[in-house]
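Peer 1: Quick one: sequence plus predicted model below, questions after.
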Amino acid sequence: RGQNTMTRSRNCELVRGVNALSHNETVKRSGRWRFRGRGGERKAAGVKKSVGKTPRFYPADDVRRPLRSNKTKQRPCKLRASITPGTVLILLSGRFRGKRVVFLKQLSSGTLLVTGPYRVNGVPLKRVNQAYVLATSHRVNLTGVAVPNIDDDYFKREKAAKSSDEEAFFAQSAQASRCSDQRKNDQAALDTQLVALLSQQERAYLGARFSLSKGQRPHEMRF
């Protein structure tokens, strides 16, 4: 009494690897067989039946499935801290590379809305990716300047009607793209406001093209 007595297992090991009772005899004595089959209806109801029969052979060609794409989600990039409304930017690519422009605002797509103004250096209202722009420390005061309500749809080109006639096709390709009257009016109204705020020195600064000479290192320069 008072001492822990070790309980002997029902299925003792006679020899190493040989038990006294077989597996079936152990299950029979434990009584677990009495509870088999209970709840089978609920388990069968939870199992989803496979629709159709699995094909015996795989298709010869790969079945194309659409991949997930993030093109429909527009996530505009964050505007750099050095770029604020009125900041003078230097364009690094495109038709007007080397020109200095005035930053107006950021569009919903993340691109920058800039202008020369057109009357000063010939750069119209256009969209620019901030990755191809060099921000300077000079800023133009845009107080009182009414920036027109411009979004990305403003720059979409009108689709011309398709024609099956060859002559009409070649005549259409020969026509140069023309600027709409609305864009001309918006550009003229904005130029009038900006040019009135610019000094003579600022006009000369915006009209000069940016370039590097021999021996000049951009990483050591302050713009």
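Peer 2: Noted; the coordinates are in hand. Given the structure is predicted, the values throughout are model-derived calculations rather than measurements.
Peer 1: drop to CA atoms for contacts and neighbour counts, all remaining ones
Peer 2: Noted.
Peer 1: ok, how many other residues are close to Ser9?
Peer 2: Counted with other Cα atoms under 10 Å, residues neighbouring Ser9 total 7.
Peer 1: helix/strand/coil for it?
Peer 2: coil (DSSP: H, G, I helix; E, B strand; the rest coil).
Peer 1: cool, Phe210 as well?
Peer 2: coil.
Peer 1: quick thing: my sequence starts at 716, can you match it?
Peer 2: In the new count, where the first residue is 716, that last one comes out as Phe925.
Peer 1: close enough to count as contact, it and Gly813?
Peer 2: Yes: Phe925 lies in contact with Gly813 (Cα atoms under 8 Å); the separation is 4.8 Å.
Peer 1: okay, the two: which has more neighbours?
Peer 2: Set Phe925 next to Gly813 and count neighbours by other Cα under 10 Å: Gly813 wins out with 19 against 14.
Peer 1: which residues touch the more buried one?
Peer 2: Going by Cα atoms under 8 Å, 6 or more residues apart in numbering, Gly813 touches Ile805, Leu806, Leu807, Arg924, Phe925, Ser926.
Peer 1: quick one: the fifth one from Gln915, how far?
Peer 2: Between Phe925 and Gln915 the distance is 18 Å, computed by Cα to Cα, to the nearest Å.
Peer 1: start to end distance for stretch 730-749?
Peer 2: With Cα to Cα as the measure, stretch 730-749 spans 31 Å from end to end.
Peer 1: Run through who's touching stretch 906-918.
Peer 2: Pro832, Tyr833, Arg834, Val835, Val855, Asn856, Leu857, Val860.
Peer 1: Next, name the residue at the spatial heart of this structure.
Peer 2: With distances taken as Cα atoms, centre = their mean, Arg790 lies nearest the centre of the chain, 4.9 Å away.
Peer 1: quick check, it in a strand?
Peer 2: No: counting by three-state DSSP, Arg790 falls outside a strand, being coil.
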